[in-house]
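[1] Have a look at this prediction, sequence included:
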Amino acid sequence: MIAQLTKKFGDAVKPGKKAVFVDGDQWRRDADVLPSAEYRRYTGQGRDYIDGICFWTIDGVRIVNYPKQHSTNCTSRHQNTNGWFKPTVRILKNMRNSMIDQGYLAEGVAPSYFLEGMLYNAPNVNFGRTYDETVVNALNWIINSERAKLVCANEQYYLVHPSSPVTWRAEKMQTYLDAAVRFWNEW
């Protein structure tokens, strides 16, 4: 895949740990390309399976994920919260970026995927009225939750796990939550 991209785009191709970045020019936008293959996780004894993708990191670690389920589930959560879920995810991502810029949090502790997955677990009742209340209610619910039972938005993995390459480490989640509370209270 990288050879084909390089043949087409030359020096604009920059392989990363997971994705390949292709610099844009005056005719096209920058792009992240994820070379991947279809993956099927068969369930039960029949022909039933869950569609996913797999790819390999530059270190040779196989990653299996389920982007269709992730997207479908996040869209359902957005609808079930009367349109509050996706803007609240954006608030948490922007807040995370400000926390990094202001020294509350180190880069890489709270990737967007995990923030979205974390918020996905907050019950619908925590969303609505105002964004301030929504953020406070959702974060308080997460802080007081049994975090070992939280799931990724694709509902195929637990959100927090000590060794899986597609899950958040408990200590990083705790670091993020501690920094988020401090940031919110000092804002």
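    Structure's in. What do you need?
[2] where does the most centrally placed residue in the chain fall, helix, sheet strand or coil?
    In the chain, the residue lying closest to the centroid (C-alpha atoms, centre = their mean) is Y113, at 0.7 Å. Using DSSP: H, G, I helix; E, B strand; the rest coil, the structure places Y113 in helix.
[3] do the same with C54
    Three-state call for C54 (three-state DSSP): strand.
[4] Is it bridged to anything, and to what?
    Judged by DSSP bridges, the bridge partners of C54 are A37, V64.
[5] who's in contact with it?
    36-37, 39, 62-65 (C-beta atoms under 8 Å, 6 or more residues apart in numbering). For every residue, glycine as well, the C-beta is placed using N, CA and C.
[6] Filter the residues you listed down to the buried ones, ChimeraX style.
    Only the buried entries of the contacts of C54 go into this ChimeraX selection, using 16 or more other C-beta atoms under 10 Å:
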select :36,39,63,64,65
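[7] Now flag whichever of the contacts of C54 is closest to Q45.
    Minimum distance to Q45 across those is 19.4 Å, recorded for Y39 (C-beta to C-beta).
[8] name the element the closest one belongs to?
    Using DSSP states H and E, Y39 maps to strand 37-42.
[9] name the helices or strands packed onto that strand?
    strand 49-56 (3 or more C-beta pairs under 8 Å, 6 or more residues apart in numbering; DSSP states H and E).
[10] Can I get the strand it packs on in PDB, CA atoms only?
    Extracted in PDB, the C-alpha atoms of strand 49-56 (Å, rounded to 0.1, in the frame of the first residue of the first chain):
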ATOM      1  CA  TYR A  49     -20.400 -12.400  12.100                       C
ATOM      2  CA  ILE A  50     -19.600  -8.800  13.100                       C
ATOM      3  CA  ASP A  51     -17.900  -6.800  10.300                       C
ATOM      4  CA  GLY A  52     -14.700  -5.000  11.300                       C
ATOM      5  CA  ILE A  53     -11.300  -4.100  10.000                       C
ATOM      6  CA  CYS A  54      -7.800  -5.000  10.900                       C
ATOM      7  CA  PHE A  55      -4.500  -3.400  10.300                       C
ATOM      8  CA  TRP A  56      -1.000  -3.600  11.600                       C
END
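[11] when you compare where that strand runs with where strand 37-42 runs, what's the angle?
    Relative orientation of strand 49-56 versus strand 37-42 (axes from the mean of the first three to the mean of the last three C-alpha atoms, to 10 degrees): 140 degrees.
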